Structures are given as structure tokens and as C-alpha cells.
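Asker: need a 3D model of the following:
(2 chains)
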Protein chains: 2
Amino acid sequence: MRIEILCTGDEILTGKTVNTNYSHIAQRLGEAGLEVCWGTTVGDDRASLLMAFRQAAARADAVIVNGGLGPTVDDLSQEVAADAAGVSLVLNEPWLARMEAFYARRNRPMPPNNRKQAMLPEGAEFLDNPIGTACGFAVTIEGSRFYFTPGVPREMRRMLDEQVMPRLLAKAGLQGVTRLKRFHSFGIGESRADEMLAGIEALAPGGGVKLGFQAHYPELETKLAVRGADQDEIDRKLAPIEIEVRRRLGNFIVAEDGQTLEAVVLGALRARDGTLAVAETLTGGAIASRLLQVDGAEDVLRRGLVSRKPEELAAAVGTVARDFSPETALKMCLALRKQSNATHALAVLVTMEAGAEGADAGGVITIGLVSPEAEIVREARLVGGREWVRLGAAEMGLDCLRRHLHGLPTDERLDFERR
Amino acid sequence: MRIEILCTGDEILTGKTVNTNYSHIAQRLGEAGLEVCWGTTVGDDRASLLMAFRQAAARADAVIVNGGLGPTVDDLSQEVAADAAGVSLVLNEPWLARMEAFYARRNRPMPPNNRKQAMLPEGAEFLDNPIGTACGFAVTIEGSRFYFTPGVPREMRRMLDEQVMPRLLAKAGLQGVTRLKRFHSFGIGESRADEMLAGIEALAPGGGVKLGFQAHYPELETKLAVRGADQDEIDRKLAPIEIEVRRRLGNFIVAEDGQTLEAVVLGALRARDGTLAVAETLTGGAIASRLLQVDGAEDVLRRGLVSRKPEELAAAVGTVARDFSPETALKMCLALRKQSNATHALAVLVTMEAGAEGADAGGVITIGLVSPEAEIVREARLVGGREWVRLGAAEMGLDCLRRHLHGLPTDERLDFERR
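Answerer: Residues are numbered from 1 along each chain as shown, chains lettered A, B, ... in the order given. Predicted structure coming up:
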């Protein structure tokens, strides 16, 4: 089945807004085993929209249209869809009533413009939007099925998952439901992970599992897209593969699905009534920043300190140092732990190598970690520009802490590491 | 003149990579007074590429093609371009020699695959790429002029500015050169800035200046796109408008062109041999993080501290406090200044309001600033979600410091502020 994505709107066409809706839709389709063959972007312009609809209808079996369902005059999707399908617009009474109720709950009168959002091409199939005033719809244009979705990202995402995907899967003759299982790892490159997981798809009884990767340095996302008749079948297909992925990627898995490394670390600290203090250099405070974005982090992270010079960072934690050596890292942790009364203290110190530039540059990362159970030092050299080393250092500090809290070795070699 | 952008590559088509090249190209064209009418995305697929080239040729006068110029078998742009133009591929000897020299400088033999990158459609116009091995070219397909550019963002950007834009402007009959003058402001919303700058374009002798805005909350970018016969003419056109923009937006302008607020602040501190220490809450350390990304920041920023609880933050700077009141903000600054020996101490404290959620939520930002000249407190209430308040608080802290360092009032009301 040939599928196209057609994005509308002047903001997207002129580049004022980066088109993340396109990439989200295309990724979701790919994960479900559907293929996107073509993407088109046009502005809020009647002639362009009509031509785009006709050309897409000629090329594709199914077209997902995004945007143009708003209440203003430049939102033209319903109108041009009716035109292209050769029907007129008719009022969808239930949707008008839903919108009126939506405004009534907020004690505001519905602006008259919004009535336009309930005008759908005659005979169109209604696609529900439970979180906004732009309902979606499906209509057939010159033999091709068009699915119209709102431009607001969270409304589009929900409608895509709940309304559009099931219809596309049915149209493609793909039975049942889909799920995406994700593993986040740190320290293994994409090509090595691919080798390590070779043949894993075959472990699913009856097949239907597709393996994929997405690198978001410093982490790698391993994705298992599964299709089955129902959720039980998906569970049965996934179970042996999940176990095997966890076995093969092992200690390098830092989180799964919607979890983050920082939330895992905070959870492990909280589980033992632990608290944390962090001293960082070169990372710009990225570790504290990541931790503090987790709900309830303030009960665990007592303080974060950041400075670029050894003398300054040492003074801030109440000690003296002149370098970023392993000894200094431990010394800083001990002083910081004492100063903050935290159970755990983490120091992430980075020394960029002088001379080389860009991708040939490198840095030495020295991590100190002191807890009630241990005093740990870990050193690693990463090759890459300043930003590469910075991101790697913050991840490595958090990962060291995760490994220690989970009783795993803290010195396993990373693929990025050069010794 | 009708212009299209045609992006190629499976990574883009499948959504694995977000298409920021498209938005960059579209924006640059718009800033130069050219209009993008259509965008197309296709994968590394011969039939799709050929159809996309033909359809674009039928719709547009000029087409910018991005991607597909690499050395691997799935890079098909030259081949399909030749096919569509009805010519064969011929070796571009000078480019082959350039590539060989490129590898020789790095003491590596040129991989044989790279020879493919010197094969251009017969009669194609060469577009130089001074920073990579993918040269660009221009060719006419069915009456429409096609400009082929590399997918690597920095190579594409340079080729667009140096090679493609001058040709497009000439083709559109737009004489001369262009420049984009930018002002970054904080505290004025887009619609108010639009009102404040009403009629400003008319001040350019002979016209040729176009005003635009781009909101990147918390900052607003005001853009003046100027076209002139040469740089001197552009200077003459811009001079009266620049003065007027600075007069009207006044103290709200935090930086111009490629400058950032944080670099401006560090520059002003350095100019008076000043040093800085920062204590933050809720921002996740965003102020220290922004400052530390500026080259040489380590000589000025002595330390950054972050914590979520008043007691913890106070303890970290060596004092005692139980709230985020204005008195506490001053007390923390005084303690921090003493503790760090910095000339300037800044505290940015945020109290999120309980109860409301999402866009109806709000927070009170309390800023303390102590310098050799003054002790300043500033309070503001922002309405919006946690992320909105967080970004606003970091910007407001930096802007307070900028205003103080430049001798400007620190209490001018912001558009975002609710009292």
C-alpha cells in the first residue's frame, strides 16, 4: 500500500516552523510496518491544495493530510477536500454540540468562527479529537483514501494513534494491533548493537516483530515493533525477545520505554532513602539539569555545583584542588558529601585535550562517586568535539551512579571510549 | 518566480531525521524576498526521484534539490538528474583533482567510491563546495532550473548562501546582494513589536527592506531583510532603520545578529574585570549552563549553584533561609558573593503557584543581584506552565544582570508579566 503525507500551512511551507509533525507521522507508520512513499508540503493556498490533493490521489492508496482544520479563513482543508471529492460541505451536528459543550465547560461563549470546524465534506467519515476543537475526517478522492488530521501536535498524535493507524492497518490488510517496545542503552554503538541482536526477530512465535535502532547520542534506542491479533498475542511474541534483548545488551540498558536514565537513578536513590549532591565541570550543569526535570527530584538532589576551574569547583565544595585527577575527584566527592549531608556525592570532571580541533579533539572524563558503601573512581577518554565530550560526560556520570546503585560493574568499556 | 524545495533521502522520508534542511532553505529564501511554493520529500528511489523531478519541473521555475550527492550506491541525484535532463554523466576533472587533494592533505587514499561524486550531468553548471566532497550543480530539466545541494547541513548552508542564492536572485530579476539584520529582544511580544515598529520599512531610502519576526520564547527575533546593489547601498538603507529599531525597542534589545544575551553579559563583566557567581532554583541551572557555553566563560563565572529547596540553596551558599522572598534573594546574593569572592552575585528563585495546571499555572520569579555598586531585587509573576516559567526565569535573571551592567533600569515591565 502506497502512503503519502501531505502537510499544509504557511508556517511549515515558509520554514518558520520545523516540520516535526511529518517526522512523527512517518516514524509511527514505519514502526507499524507501513511505508511512506512521498511527502508534500504546501501553504494555505486553494490552488496548491487542490493540485496537491489530486497529485497525491494519483500516486497513493492512502494520504494523511496534516493541518488546515482550524477556525480561521486560511484553514482550507475541509473546503478543498469537499471540492476535490466533488461533494458539498455539511454541518456535523454532533461535533457542533461537542464544541459548544467544550466552551460551556470553560464558561466562555463559542466564537462564531468555530462553527466552520463542524463543516465536513458530505459522506465523510468522522475521526474523533477528544482534546481539541478540530475534528478529523476521512474521505475518498479519486479512488484514494484521505485522512485529515489537526496541525496541533498533541491532537495530531492522539488522532493518528487512535483513529488513523487502525484504519490504515485494516486497509493494508494488516490484522490486529501494534506495540512499540523500546530499550535505551548507553555505551554501545548502533552497528555493534545490530550485530549483538542478530537473529532476534526470529524468536517471536509466528513472527511479526521488527527490530530497529535510533541513535540519539549519547544514547541508542533499540526498538521492537510488534504486530499481533490482540495485546495478549503481542505479550506472547514480545516476552522471549525482551528477555533476550536484556540478556544481550545487559548492563548497557539504562532505561526502557518512556523511562529516562535520570528518573531511573532518582528512583533507585529514593528506594534506599538516599540523597545526592553533584559537582560538574564542562557539562554546564547538565547532570543536575536532567535530574531536576524529573518530578519530585527536589527531595533527592540536594545541590548541584558547576564551575570550569579545579580551584573554583574545589572551593565551592569546601576543599582545595589544582587539577582534575582521580584523587581530586574522590576528594571533591568526600568534601561535597560532608558539606551537603547527602548520602551520595558525584563529581564529573572533564579535561579537554589541547591542540586538536573538531572531530579529532578529545577529552578525559574523570568520575568520582562516594556512597555509604563505596568510593569509586572511573576514567575514560572520548574522542570528539567539545559538545560530544560534554554530552558523553553527563551521561557517563549518571550511568556510573545507576550502575553503582544497581550493583553493576562501573568500569565496563564503552564503544565511544579510546584508551 | 515559483520555487520548490525537493528533499531526498530515506532518513528524511521515513522521519528518522527531522527535516531541518527544508526549514533552513525556506527561511533563507523568504528573507531574501523569494517565495517557496511547494515542498516535496522522496526517498532514495529512482522512480520516485524521476517522477518528483518531472512534477517539480512542471510546476516551478526553479527547484532546489537537497541530498543524494554522496558516494554510496543509494545516492542517486546526479544519475536521475542526467536522466531527467536527457543527457549523460561526464567526469568533472577539476572536482576529481580537488577531492584527491582533499584526501592527500589528510594522508589518506581517496576511496574509489568517491569518484562517483565527480560525475555530473553533461553541460551542468558547477556549484562549489569548499568544505566537503559533494559538489553541487545546476541543470535545466524541462524548462525549469534545478540546483542540487548536499545533505550535510553545514555544506548545504554554505552552498545555498554562496552559490544558489545569487543565481536565484538573478533569475528572479532581483539585482544585487542581500543581508539579514537581526535584533534579539526580551520582554516584548510579537504583536506589540509589530505595532511598535509600524512603518519602519519606509525609512529605507529607495525601499528594499522587509521586516519580519520570529518568536523563540523567551526571546523575540526582529529581522530586517535588505536588498541592495552592493554592500554600501545596504549600509545606507539599513542605517536609518537600525537607529530607529534601537530607539523604539530600546532597552528590550538584548543582543544583535549572532550575539547572545549570555555573551553580552559575560562581555560586560569582563570589560570591568568582573566575576560572577549564580544561585538558581527551578531553572535546572539554565543560567550557568548558558553562560558556560560562551568561549572563555570560565574566567568570569566562578561558580553556579542549583537546588530546589530554599533551605538547601541557602546552605549551599553558606547562609540560612526558609523561603524565596525578596529578602532571601538578597541574603543569598550577599552570602554567595562573600563565599565565591566574585564581584557580582545573582540569585534567581522561582515559586510555582499551587493548584492551577498547564497554561493556567504560574510562578513568581524573585531575582536578587549584588554588585560593588548596588543591591537589587526584582519580582515578577509569569503565567504559564512550568517550562514557560523556567525559561522566562533564566532569561529574566540574565537580562537583569545585563541591564544593571549597562546602567539601564532593571524594573521595566515585561509583556509576559502579570501583576
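
Asker: any idea which element A:Ala255 lies in?
Answerer: Counting by DSSP states H and E, the element that carries A:Ala255 is strand A:253-256.

Asker: let me fix that, I meant to ask about A:Ala335.
Answerer: helix A:326-340.

Asker: can you map out the helices along chain A?
Answerer: A:10-13, A:20-31, A:46-59, A:77-85, A:93-105, A:153-159, A:165-171, A:190-196, A:231-249, A:261-271, A:286-292, A:310-317, A:326-340, A:386-405 (DSSP state H).

Asker: what mean pLDDT does the third one get?
Answerer: In this model, helix A:46-59 has an average pLDDT of 97.

Asker: likewise the last one?
Answerer: Per-region confidence: helix A:386-405 scores 95 on mean pLDDT.

Asker: cool, and the fourth one?
Answerer: Mean pLDDT, taken over the full extent of helix A:77-85, equals 97.

Asker: hmm, who's touching it?
Answerer: Here helix A:77-85 makes contact (C-beta atoms under 8 Å, 6 or more residues apart in numbering or on different chains) with A:8, A:46, A:49-50, A:53-54, A:57, A:65, A:67-69, A:88-89, A:116, A:119-122, A:124, A:137, A:139-142, A:146, A:148. Every residue, glycine included, has its C-beta placed from N, CA and C.

Asker: go again with 6 Å.
Answerer: Residues from elsewhere that reach helix A:77-85 (C-beta atoms under 6 Å, 6 or more residues apart in numbering or on different chains): A:Leu49, A:Leu50, A:Phe53, A:Gly68, A:Leu69, A:Leu89, A:Met119, A:Pro121, A:Val139, A:Ile141, A:Phe148.

Asker: what sits against the fourth one?
Answerer: A:Gly68 makes contact with A:Thr8, A:Asp75, A:Leu76, A:Ser77 under the criterion C-beta under 6 Å, 6+ apart.

Asker: again, but for the first one
Answerer: Under the criterion of C-beta under 6 Å, 6+ apart, the contact partners of A:Leu49 comprise A:Val42, A:Leu76, A:Val80.

Asker: by neighbour count, which of those residues wins?
Answerer: Taking other C-beta atoms under 10 Å in any protein chain shown as the neighbour criterion, A:Val42 ranks highest of the contacts of A:Leu49 with 26 neighbours.

Asker: re earlier: out of the contacts of A:Leu49, which comes closest to B:Leu269?
Answerer: Proximity of the contacts of A:Leu49 to B:Leu269 (C-beta to C-beta) peaks at A:Val42, which lies at 48.8 Å.

Asker: okay, A:Arg145 and chain B: tell me how far apart.
Answerer: Distance, A:Arg145 to chain B, using C-beta to the nearest C-beta, to the nearest Å: 20 Å.

Asker: I misspoke; the intended subject was A:Ala202.
Answerer: For A:Ala202, the distance to chain B - C-beta to the nearest C-beta - is 24 Å.

Asker: residue ranges with poor pLDDT in chain A?
Answerer: Residues of chain A that meet the criterion pLDDT under 70 lie in A:355-360, A:419.

Asker: name the residue most distant from the centre of it?
Answerer: Distance from the centre of chain A peaks at A:Val320, with 41.2 Å (C-alpha atoms, centre = their mean).

Asker: show me what contacts that residue?
Answerer: Contact partners of A:Val320, counting by C-beta under 6 Å, 6+ apart, are A:Ala314.

Asker: alongside chain B, which residues does the stretch 1-150 of chain A contribute?
Answerer: Contact residues, the stretch 1-150 of chain A versus chain B (C-beta under 6 Å from any C-beta of the partner chain): A:13-15, A:18-20, A:23, A:26-27, A:30, A:36, A:38-42.

Asker: any of those buried? List them.
Answerer: In the residues of the stretch 1-150 of chain A next to chain B, burial by neighbour count holds for A:13-15, A:18-19, A:23, A:26-27, A:30, A:36, A:38-42, counting by 16 or more other C-beta atoms under 10 Å in any protein chain shown.

Asker: outline the domain layout of chain A.
Answerer: The record's domain split for chain A, according to automatic domain parsing, is A:3-171, A:177-256, A:261-405.

Asker: export those domains to JSON lines and tack on distance to B:Leu180?
Answerer: What follows is these, written out as JSON lines (distance: least, C-beta to C-beta, whole Å):
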{"stretch": "domain A:3-171", "distance to B:Leu180": "14"}
{"stretch": "domain A:177-256", "distance to B:Leu180": "31"}
{"stretch": "domain A:261-405", "distance to B:Leu180": "25"}
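
Asker: could you identify which of these is most buried?
Answerer: Of the domains of chain A, the one with the most neighbours on average (mean count of other C-beta atoms under 10 Å in any protein chain shown) is domain A:261-405, at a mean of 21.

Asker: for it, how far is the first residue from the last?
Answerer: Terminal residues of domain A:261-405 lie 12 Å apart, using C-alpha to C-alpha, to the nearest Å.

Asker: what about that domain, distance to the chain center?
Answerer: With C-alpha atoms, centre = their mean, to the nearest Å as the basis, domain A:261-405 stands 25 Å off its chain's centre.

Asker: which residues touch A:Arg2?
Answerer: A:Cys37, A:Ala60, A:Asp61.

Asker: rerun at 7 Å
Answerer: Going by C-beta atoms under 7 Å, 6 or more residues apart in numbering or on different chains, A:Arg2 touches A:Cys37, A:Arg59, A:Ala60, A:Asp61.

Asker: swap in A:Leu276?
Answerer: By C-beta under 7 Å, 6+ apart, the neighbours of A:Leu276 are A:Leu269, A:Val300, A:Leu301, A:Arg302, A:Ala342, A:His344, A:Leu346.

Asker: beta partners for it?
Answerer: Applying DSSP bridges to A:Leu276 gives these bridge partners: A:Leu301, A:His344.

Asker: and if you look at A:Arg179?
Answerer: A:Val226.

Asker: do I have it right that it meets A:Ile234?
Answerer: Yes - A:Arg179 is within contact range of A:Ile234, at 5.0 Å (criterion: C-beta atoms under 7 Å).
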